[in-house]
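Asks: quick one, what's the 3D model for this:
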Amino acid sequence: MKTLTKSFTFLFLALLIASCGSDNKVMLFNGEALENWNIFVGTSDVEPGDVFWVDEGMIHTSGKPNGYIRTKETYSNFKLHLEWRWTEEPTNSGVLIHVQGEDLIWPLAIECQLMHEHAGDIVLIGKGSGITIKDSTYLITSEENRIAIIPKFEEVSENPAGEWNSYDITSLDGTLEVKVNGVLQNTGSDMTLTEGNILLQSEGSPMQFRNIYLDPL
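Replies: Take a look at the predicted model:
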C-alpha cells in the first residue's frame, strides 16, 4: 500500500507539472545582473564580486573560495530549471533548495549535487534535513555529523566539460524529483524542509550558469 500511495503521488506530480504553463514563470536570473540574489563567501580575503559575476548573459563563478549566491526570496512547490557548464577541469558545486537559517558554509538545506559525475545525488545538510528515498528514511540529527549523501539512481548523464547541462528540480508538498539532461536521477518524499531560499555554490573550479527560472506549482 505504501508503494501504491507513492506511485499515485508521483503520478499526480507528473500531471501537475505537465499542466503548468509558462504564464507564472519566475525568472531568477535576467541575464544582466544578480539583483535577485545575495552573495556570500566564507572569507573576507576576497571581494564577493570576484567570486560571482555576470558577463555575456551568464553567471560566472571562480569556484574558489567556497561561497554561494542565495535568492533574496523564499520558494516552495516549484519546478526549478537551470543550466550549467564547467569552463575548466570539472570539480564540485551544487544547487541547494529550501535553504534556511543564517549564512554559513553550508546552511541548512537539501542539495541537488553538481559534483562532477555525481550530478543527481542528494545531499542533506544540517540538523533537521531529511528525506525518504526508496523506502529508506534519512535524517540529520546532529550538527557534528551534518552531511549525508544519497547516490543518484542511474549512470552519469552529464555532458563533457565545456558543454551545457540542464537541471530540472521539482519540489511539491515534500516530494522531490531531480532530472539531469532529462534523465531521472533521483526521487524522494517526506522532505523535512519544504520552503526556503535557492542557492548556487562556488566550491571547486570555474563554471557558468544560465537560464535560471522556476514555475510555481
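
Asks: which residue, other than its chain neighbours, is closest to K179?
Replies: D168 (4.3 Å; CB to CB, 6 or more residues apart in numbering). (Each C-beta comes from the backbone N, C-alpha and C, glycine too.)

Asks: same thing with E111?
Replies: In space, and not counting its chain neighbours, E111 is closest to V123: 3.8 Å by CB to CB, 6+ apart.

Asks: hang on, G130 packs against I140?
Replies: Yes - if you go by CB atoms under 8 Å, G130 and I140 touch, sitting 6.7 Å apart.

Asks: what touches both of these two?
Replies: Taking CB atoms under 8 Å, 6 or more residues apart in numbering as the contact definition, G130 and I140 share the neighbouring residues L124.

Asks: in this protein, where is pLDDT below threshold?
Replies: Counting by pLDDT under 70, the chain has low-confidence residues at 1-22.

Asks: beta partners for L199?
Replies: Residues in a beta bridge with L199, per DSSP bridges, are R70, L96.

Asks: return the residues in contact with it.
Replies: By CB under 8 Å, 6+ apart, the contact set of L199 is 68-71, 95-97, 99, 107, 109.

Asks: just to revisit the earlier point, what helix or strand is the residue nearest to E111 located in?
Replies: If you go by DSSP states H and E, V123 is part of strand 122-125.

Asks: for that strand, packing partners?
Replies: strand 108-113, strand 130-133, strand 147-150 (3 or more CB pairs under 8 Å, 6 or more residues apart in numbering; DSSP states H and E).

Asks: partner strands of the last one, parallel or antiparallel?
Replies: Going back to what we said before, that points to strand 147-150. With DSSP bridges as the test, strand 147-150 is paired with strand 122-125 (antiparallel).

Asks: repeat that for the longest one.
Replies: Applying DSSP bridges to the sheet, strand 108-113 is found paired with strand 94-100 (antiparallel), strand 122-125 (antiparallel).
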